[in-house]
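turn this into a structure:
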Amino acid sequence: MRTFGKWLGRFFLLIVIAVGAFLIFAPGYVERGRNAVAEHDPYVISDAAETLHADLLIGDWHADPTLWKRDLSKRADRGHTDIPRLIEGNVAVQVFTAVTKSPAGQNNEQNSAEAFDNITPLAIGQLWPPRTWGSLAERALYQGEKLEELVEDADGRFRLIRNRADLDRLLTDREAGSELVGGIFGIEGGHALEGDMSNLDRLEDQGLRLVGLHHFFDNELGGSLHGISNAGLTDFGREVVNEVVARGMILDVAHSSPQVVKEVIEMTDIPLVLSHGGIFSHCSTARNLPDDLMQDLAATGGVIGIGFWDSASCAISPDGVAASIKAAVDLLGEDHVSLGSDFDGSVQTGFDASKLAAVTDALLRAGLTEAQIRKIMGENMIRVLRARLAN
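Below is the predicted model:
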């Protein structure tokens with residue numbers, strides 16, 4: 001009996017060790033597979049591109065690093081972004097978007113809202129607080145809390161931007177030589193509100209300033225570009241749009257159905273943002289909206305963030321991204337194109353945030369002017385932020 005008890009104890013110890021090893025190593029293993037950088041030869045960047053890049057004001061509308069179990073204050077050997085790599089890439093402003101639900105088998109064509117949710121096991125496996133395991137709103141709030149903690153952990157190299165004064169202060173300090181990144185908290189999909197406007201209040205208090213209406217499936221706000229219904233806005237969706245406008249937030253229509261985008265354009269009078277995507281006539285995938293609808297978005301005074309992954313730009317190299325950006329400039333005009341990397345968004349890219357100078361080099365070689373590059377890499381984004389953020 002004593003021998004049996006000894007073996008039973010060893011068995012449970014092995015289980016504890018196995019579970020511990022899984023919780024320690026599995027998150028990194030999963031992320032390495034989901035957020036890979038393709039192998040490539042070292043990028044050759046001209047002196048002219050290096051000089052220009054160092055003088056650019058750079059902003060990116062979309063990245064998802066708060067989804068993963070990493071200390072973003074330290075340089076990691078996986079994924080695409082963290083504060084050191086953003087600083088190396090000379091990024092001034094980065095939108096950090098909370099992902100709260102992602103259907104199994106997600107694809108750009110069609111997804112059911114009832115499909116198994118990939119984020120639930122990820123939250124449990126990464127030891128997120130139990131309150132997040134069954135609540136989309138709590139998942140968004142938790143990722144906002146991560147950004148607040150990052151302010152403390154990054155030794156003055158990271159600030160959260162909540163208003164126009166925060167933005168102007170950040171840019172002034174960077175011009176004076178400070179190496180720091182400003183972060184804007186966003187959500188990828190209004191399902192994080194769980195159909196309850198009080199959750200918008202809670203998230204706004206947490207620092208939320210960019211609201212994406214949809215992700216990969218239809219939700220309480222209306223139809224997704226990748227959902228089943230192809231529907232427009234619901235009554236709740238219209239209420240959310242009106243609140244986002246009234247509260248001085250940025251409205252993001254990435255992943256929304258064409259009908260939702262049309263209705264948002266009709267009912268608002270603000271510069272709209274499509275944070276990450278591409279130009280259909282350049283990259284004809286189900287991820288990209290029709291060209292005429294993208295032109296209507298640009299006509300609001302807003303911007304389209306060009307993505308760095310395959311289904312947005314049909315190429316992931318710096319030259320491929322530059323070609324996608326040039327197609328956007330040709331279609332929409334130089335005042336309506338920005339960066340929308342989707343770094344750390346379960347995509348493979350051709351480079352991480354530290355190598356953004358390779359994009360500047362590629363844009364120069366593609367024939368864009370210095371003035372155009374300055375607008376695309378950040379000035380257009382800053383213009384929209386100043387137009388939308390409250391004082």
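
tell me where the model's unsure across the stretch 51-200 of the chain.
Counting by pLDDT under 70, the stretch 51-200 of the chain shows no low-confidence range.

mind listing the strands in it by residue range?
Using DSSP state E, counting those that start in this stretch, the strands of the stretch 51-200 of the chain run over 58-63, 91-98, 158-160, 181-188.

near His62, how many other residues are there?
Per other C-beta atoms under 10 Å, the neighbour tally for His62 reads 30. (Each C-beta comes from the backbone N, C-alpha and C, glycine too.)

then the one 5 residues further on?
For Leu67, the count of nearby residues is 28 (other C-beta under 10 Å).

what lies in contact with stretch 149-164?
Here stretch 149-164 makes contact (C-beta atoms under 8 Å, 6 or more residues apart in numbering) with 71-73, 83, 87, 93, 147-148, 166-167, 170, 179-185, 207, 209, 248, 385-386, 389-391.

could you export the strands of the stretch 51-200 of the chain as a markdown table, including distance to Leu274?
Below are the strands of the stretch 51-200 of the chain laid out as a markdown table (distance: least, C-beta to C-beta, whole Å):
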| stretch | distance to Leu274 |
| --- | --- |
| strand 58-63 | 9 |
| strand 91-98 | 13 |
| strand 158-160 | 23 |
| strand 181-188 | 13 |
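
select only the buried ones of the contacts of stretch 149-164 in ChimeraX?
The ChimeraX selection below is limited to those of the contacts of stretch 149-164 classed as buried (16 or more other C-beta atoms under 10 Å):
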select :72,73,83,87,93,147,166,167,170,180,181,182,183,184,185,207,209,248,385,389
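
just the contacts of stretch 149-164: which are in helices?
83, 87, 147-148, 166-167, 170, 385-386 (DSSP state H).

which of the residues you listed lies closest to Ala49?
Ile87 (18.3 Å; C-beta to C-beta).

show me what contacts the closest one?
Here Ile87 is in contact with 157, 179-181 (C-beta under 8 Å, 6+ apart).

ok, the nearest residue to Ala357 once chain neighbours are set aside - contacts?
Leaving out its chain neighbours, the residue that sits closest to Ala357 by C-beta to C-beta, 6 or more residues apart in numbering is His53, at 4.2 Å. Under the criterion of C-beta under 8 Å, 6+ apart, the neighbours of His53 are 45, 90, 356-357, 360-361.

buried sites along the helix or strand encompassing Ala358?
Taking DSSP states H and E as the definition, Ala358 sits inside helix 357-365. Buried positions in helix 357-365, judged by neighbour count with 16+ other C-beta under 10 Å: 357-364.

tell me the contacts of Pro103?
111-113, 115-118, 216-217.

and those residues, which is closest to Val337?
Phe216 (24.5 Å).

report pLDDT for that closest one.
Looking at Phe216, its pLDDT stands at 97.

just to check, it is in contact with Asn111?
Yes: contact criterion C-beta atoms under 8 Å: Phe216 and Asn111 qualify, at 4.8 Å.

spit out the residues that contact these two alike.
Contacts common to Phe216 and Asn111, judged by C-beta under 8 Å, 6+ apart, are 103, 224, 226-227.

quick one on the thing from earlier: export the contacts of Ile87 to TSV and append columns for distance to Leu331.
TSV is the format used below for these (distance: C-beta to C-beta, whole Å):
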residue	distance to Leu331
Arg157	37
Glu179	35
Leu180	34
Val181	30
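
determine which two of the residues you listed are furthest apart.
Across the contacts of Ile87 (C-beta to C-beta), the longest gap, 8.5 Å, separates Glu179 and Val181.

from His62, how far off is the residue lying closest to Glu109 once chain neighbours are set aside?
Of all residues not flanking Glu109 in the chain, Ala286 sits nearest, at 5.1 Å (C-beta to C-beta, 6+ apart). Going from Ala286 to His62 by C-beta to C-beta, to the nearest Å gives 18 Å.
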